Every structure is written in structure tokens, then in C-alpha cells.
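Enquirer: turn this into a structure:
(one chain, ligands or ions: 1)
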Amino acid sequence: MDNSFASLPPAFYTRLMPTPLPSPYLVGVSAPAAQLLGLTPADVAASLDVVIGNTVPERALPLAAVYSGHQFGVWAGQLGDGRAILFGDVATEQGPMELQWKGAGMTPYSRMGDGRAVLRSSIREFLCSEAMHALGIPTSRALAVAGSDQGVMRETAETSAVVVRMAPSFVRFGSFEHWYYRQKNAELKVLADYVIERFYPALREEANPYRALLEEVTRRTAHLIAHWQAVGFMHGVMNTDNMSILGLTLDYGPYGFMEAFDANHICNHTDQQGRYSYANQPQVGHWNCYALAQALLPLIGEVDETQAALDVYQPEFAAKLDELLHAKLGLSVLDQHFDTDRALLDDMFAMLEGVDFTLFFRRLSGVRAADASGDEPLRDLFIDRAAFDAWAERYRARLRAEQSDDQARTLAMNQVNPKYVLRNYLAQVAIEKAQNKDFSEVERLLAVLQRPYDEQPEHEHYAALPPDWASHLEVSCSS
Ligand SMILES: Nc1ncnc2c1ncn2[C@@H]1O[C@H](COP(=O)(O)OP(=O)(O)OP(=O)(O)O)[C@@H](O)[C@H]1O
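Expert: Reported below is the predicted structural model:
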């Protein structure tokens with residue numbers, strides 16, 4: 001095991017060891033994540049001491065990286081890996097993957113924190129990382145989660161856990177902001193060169209590789225957020241220290257999937273102003289790229305060039321979202337339908353208010369082009385049936401302009417509209433069982449979420465509307 005990040009000068013991190021936890025137990029393993037590393041779940045289970053951070057793999061060089069960032073729009077100064085420890089990278093068929101423990105103890109960047117993560121939030125990160133991957137959305141992965149009964153204090157007493165997560169890199173926008181705000185241009189350049197060399201080698205040939213880097217990261221971020229919007233994912237804490245330089249979904253905290261549609265929904269109870277609401281995510285993504293642009297300005301050199309790189313955000317986001325929404329509706333993007341499609345989509349979102357987001361799109365594939373005979377299950381989701389009927393007629397008219405027949409379209413739509421997403425209450429059920437040492441639901445739920453587009457008749461209830469008690473669930477930054 002190597003640690004490429006450790007090839008950077010020592011100013012970028014602090015070498016340290018994880019702090020052991022007593023009597024660890026395995027909570028869950030992701031078989032596909034293990035497979036990527038050439039391991040079986042049994043191999044991972046046999047290495048429980050490594051998963052929890054009590055044993056450091058041979059040749060690993062554990063370290064905590066320094067970064068800064070804007071939190072809720074305000075410059076927060078130095079942050080850094082306060083509870084994540086990078087221990088090395090492993091070659092995989094998708095290129096080298098860095099491995100981190102999250103929750104493995106204090107680091108010099110822990111500030112007021114205890115360096116720990118609770119079982120609840122660790123299960124949420126584990127499940128959602130793998131669920132997002134299965135949905136086809138760029139994300140950090142999670143190999144395994146292990147727990148220990150060592151207590152940690154949050155709003156109430158909870159127990160500790162560690163997630164082993166993986167990504168080609170955990171470098172964040174805030175990693176660049178860190179050096180920019182300290183006016184350390186030499187370090188800024190070292191970091192940018194490292195990222196280009198390792199993750200964007202094609203950009204070395206560009207006239208201005210730093211401008212090209214900004215443009216590419218901006219494009220990836222725009223695409224990532226289009227994916228989030230299309231699947232109804234809300235990140236909850238889109239601070240610049242949670243924005244990946246590779247355009248991955250990073251840091252699963254108080255996230256949520258849209259249930260009863262409300263464009264202004266805020267999934268993070270701590271976010272009282274709704275800065276990170278569903279509707280605001282695209283704009284915040286742009287704002288965050290702006291913060292990165294500011295940090296890269298000394299390397300790019302020209303304000304106009306920097307602005308031009310940033311300007312790709314809006315058109316890239318709009319085009320990607322349009323493409324994804326068209327696919328969700330089983331429509332092709334055709335210029336001659338531009339205006340009707342715009343109106344069809346706008347009116348769809350207006351009509352969707354209060355309707356379950358995931359069920360709506362999944363059931364949409366049952367609509368037939370010729371008549372209303374396939375409408376029923378979808379129509380049942382609406383209180384205002386007349387409004388639905390009127391929209392469905394327009395949708396049908398538009399479907400008739402497509403080449404595809406109903407059957408082919410249904411199949412294609414079911415490949416892009418998931419049946420199973422990680423609803424908060426599903427995670428909650430798994431968490432409560434796990435808190436009583438029953439990890440079977442973590443395993444079952446993970447297996448369901450790893451095939452989100454498949455009909456799984458035996459797991460139909462995982463696709464159902466949330467129960468009444470779920471409306472009282474609140475997730476916050478506390479983790
Ligand atoms: N319990 C804790 N102990 C120490 N540091 C913490 C703790 N919780 C959060 N932090 C630190 O506070 C900052 C912001 O927290 P945030 O919840 O966004 O990150 P995180 O979930 O810990 O980590 P990551 O972004 O690596 O997934 C990060 O620098 C993080 O390391």
C-alpha cells in the first residue's frame with residue numbers, strides 16, 4: 001500500500017496514527033466496494049482490526065490533511081481532517097483508490113471535536129455512498145463500517161463507529177482556498193500541479209493548465225449537481241470543504257432524498273435559512289466554483305480567463321439537467337420541441353408539489369402513448385386528479401412524437417428512474433436495529449439499494465411511501 005498524498009510536502013498534512021477503539025464489531029461491508037479492491041466481504045470481515053483503525057496496514061502512512069473552507073457562505077478559516085485519516089492508496093481497475101478511516105480519532109485539525117463519528121451517521125454515510133454509486137452518480141465509496149461501544153457525546157450519548165471510505169482523491173475546493181487565503185502561492189501551485197498530474201493529466205498540454213483545471217472542475221460540479229437534482233438528492237451541507245476536486249459527492253451528513261416534492265425543501269435541520277435547499281443547490285454549486293476560481297486566480301493569472309472558465313457552469317448544468325430530465329420522461333432532446341418541453345417540465349414540477357418524487361418518476365414509465373389506460377398507478381399519487389389528467393394528455397401528445405414504443409420506453413425509463421432510494425426512514429430503521437446490535441437490516445437495505453433500478457418484488461415495501469412517523473425525523477449537522 002502506497003500513500004501518494006504523502007508525496008506532497010509536509011505542510012499539506014500531519015502524519016499520525018488512528019486512536020484504537022475497544023471491542024470492535026463489524027456493522028456492514030459493501031461487496032462491490034470490496035471487489036474493487038480485489039477482496040471478498042469475508043476478507044474484509046477478517047480484517048476488522050484494520051477497518052476500525054486498530055491495526056495499520058503494512059506500508060500505510062496514515063495522515064490527516066489540512067484544508068480550509070467557506071461554511072454556510074462564511075469564510076471559516078482552517079478546518080482539515082478533524083476525524084478522517086487517510087492511510088494509503090490501492091491500485092484498482094478504476095485507477096488508484098485512496099482509503100480513509102472516518103471517525104478514527106483526534107487529529108491536529110479536530111478543533112473542538114472529539115475525532116469520532118457516531119454509529120448513526122456512519123451507517124448513513126456507508127449506505128448512501130454505495131446507494132449513490134449504484135444510481136450512477138459520482139461519489140466517494142464506502143468499503144465497510146465497524147462499531148465500538150465506546151461512548152461519544154452528541155445531543156445524547158451515542159456509540160462510536162468508523163467508516164472506511166474510498167475515492168481517487170479527497171482533495172476539496174477548500175484545500176486550494178487554504179493556501180490562497182494564506183497567500184502561499186508556491187503551495188497553491190504544488191497542490192494544483194499534484195491534482196493535474198494525477199487526476200487530470202490531459203490538461204498538462206493546455207496553454208493554461210490551471211484555467212483548464214478550473215473549467216473541468218466547474219463542468220464536473222455542474223454535472224454532479226444536475227444528477228442530484230434529477231434524482232432528488234439533497235446534500236445538506238454544500239460547504240466548500242465538502243466539494244470534491246474530482247466532482248464527487250463527498251461527506252454524507254444531513255443529506256436526504258426528496259419525498260413529497262417541495263422545491264424549497266431543506267433536508268438539514270441545522271440549515272435554518274435554507275441556503276442548501278433543493279432549489280438552491282445549483283446556484284450554490286456555482287457559488288462554490290466561484291470560491292475555487294478565486295483561489296486559483298493567482299495561478300491562472302487573468303481575471304477574464306478565470307471568469308470564462310467559470311462561465312461554463314450555467315450552460316453545462318442546464319444541458320445536463322435537460323438531458324437527464326428528458327431521459328426520465330422517456331423523451332429525446334429535440335430542438336423542434338424545445339419550447340413545448342420546457343413548458344411540459346415546468347408544469348410537471350408545479351404539479352408535483354406534495355407528490356412523492358421517486359414514485360412519480362418510476363410510475364411515469366407506465367403511461368401509454370395512445371390512451372390513459374396505463375395512468376392509474378401514477379394518477380393515484382395525485383389529489384388534484386384533473387390537473388394530472390390535463391398534464392398527462394400533453395405528455396402523451398409529446399410521447400407520440402417519439403420513435404420508441406411503449407414497451408421499449410418503459411424499459412429505458414426504468415433504467416434512469418430508480419425504484420429504491422435511501423429514504424430517511426429506511427436508514428432510521430436500519431440504524432435503530434444496529435444500535436441494538438442487529439446488523440441484518442443494514443445488510444438487507446444495502447443489497448436493495450445496490451440494485452435501485454431493478455424490480456425487486458420481494459422488497460416492494462422498500463419502495464413504499466414513508467410511514468407517518470417518518471415526518472418527525474430530523475437530521476442535522478450533529479454526527
Ligand atoms: N467529531 C469531530 N471531531 C473532530 N472534527 C470534526 C468532528 N466533526 C466534524 N469535524 C470537522 O469539522 C469540519 C466540518 O465537518 P463536516 O461534518 O463537514 O465534515 P466531516 O463529516 O467530519 O468530514 P468529511 O468532510 O471528511 O466527510 C471538518 O473539518 C471535520 O473534520
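Enquirer: spatially central residue for the chain, please.
Expert: Thr249 (3.1 Å; C-alpha atoms, centre = their mean).
Enquirer: which phi and psi does that residue have?
Expert: Main-chain torsions, Thr249, degrees, to the nearest 10: phi -70, psi 130.
Enquirer: can you tell me the closest non-neighbouring residue to it?
Expert: Of all residues not flanking Thr249 in the chain, Thr139 sits nearest, at 4.1 Å (C-beta to C-beta, 6 or more residues apart in numbering). Backbone N, C-alpha and C define where each C-beta goes, glycine included.
Enquirer: and whichever strand or helix holds Trp228, what other elements does it pack with?
Expert: Secondary structure assignment for Trp228, by DSSP states H and E: helix 209-231. With contacts taken as 3 or more C-beta pairs under 8 Å, 6 or more residues apart in numbering; DSSP states H and E, helix 209-231 sits against helix 185-199, helix 281-300, helix 303-310, helix 313-329.
Enquirer: deepest-packed of these, please.
Expert: helix 281-300 (a mean of 21; mean count of other C-beta atoms under 10 Å).
Enquirer: circling back: so how far is Ser404 from the residue nearest to the centre of the chain?
Expert: Distance of Thr249 to Ser404, given as C-beta to C-beta, to the nearest Å: 31 Å.
Enquirer: and for the residue of the stretch 301-450 of the chain found nearest the ligand, nearest residue in space, chain neighbours not counted?
Expert: Going by C-beta to the nearest ligand atom, the ligand is nearest to Ala427 of the stretch 301-450 of the chain, at 15.9 Å. Leaving aside its sequence neighbours, Ala427 sits nearest to Arg124 (C-beta to C-beta, 6+ apart; 5.4 Å).
Enquirer: equivalent analysis for Gly38, please.
Expert: According to C-beta to C-beta, 6+ apart, the nearest residue to Gly38 is Thr92 (7.6 Å).
Enquirer: wait, is that neighbour part of a strand?
Expert: No. Counting by DSSP: H, G, I helix; E, B strand; the rest coil, Thr92 is located in no strand; its state is coil.
Enquirer: roughly how far apart are it and the ligand?
Expert: 21 Å (C-beta to the nearest ligand atom, to the nearest Å).
Enquirer: what do you get for Leu21?
Expert: For Leu21 relative to the ligand (C-beta to the nearest ligand atom), the value is 14 Å.
Enquirer: cool, and Pro9?
Expert: 21 Å.
Enquirer: tell me the pLDDT at that residue?
Expert: Looking at Pro9, its pLDDT is 97.
Enquirer: and the residue of the stretch 101-250 of the chain closest to the ligand?
Expert: With C-beta to the nearest ligand atom as the measure, Gly113 is the residue of the stretch 101-250 of the chain nearest to the ligand, at 2.2 Å.
Enquirer: which residues touch that residue?
Expert: Residues near Gly113 by C-beta atoms under 8 Å, 6 or more residues apart in numbering: 82-83, 106.
Enquirer: quick check: Asn280 touching Gly274?
Expert: Yes. Between Asn280 and Gly274 there is a contact under C-beta atoms under 8 Å: 6.7 Å.
Enquirer: tell me which of these two has more neighbours.
Expert: More neighbours surround Asn280 than the other of Asn280 and Gly274, with 19 against 13 (other C-beta atoms under 10 Å).
Enquirer: got a list of what that one touches?
Expert: Going by C-beta under 8 Å, 6+ apart, Asn280 touches Gly274.
Enquirer: what of Gly77?
Expert: Gly77 sits in contact with 68, 181, where contact means C-beta under 8 Å, 6+ apart.
Enquirer: which SS state does it fall under?
Expert: Under three-state DSSP, Gly77 comes out as strand.
Enquirer: element containing Leu465?
Expert: Per DSSP H and E: nothing holds Leu465, as it lies in no helix or strand.
Enquirer: spatially nearest residue to the closest residue to the ligand within the stretch 251-400 of the chain (excluding sequence neighbours)?
Expert: In the stretch 251-400 of the chain, no residue comes nearer to the ligand than Asp251, which is 3.3 Å away by C-beta to the nearest ligand atom. Distances taken as C-beta to C-beta, 6+ apart place Asn242 nearest to Asp251, at 4.3 Å, with adjacent residues excluded.
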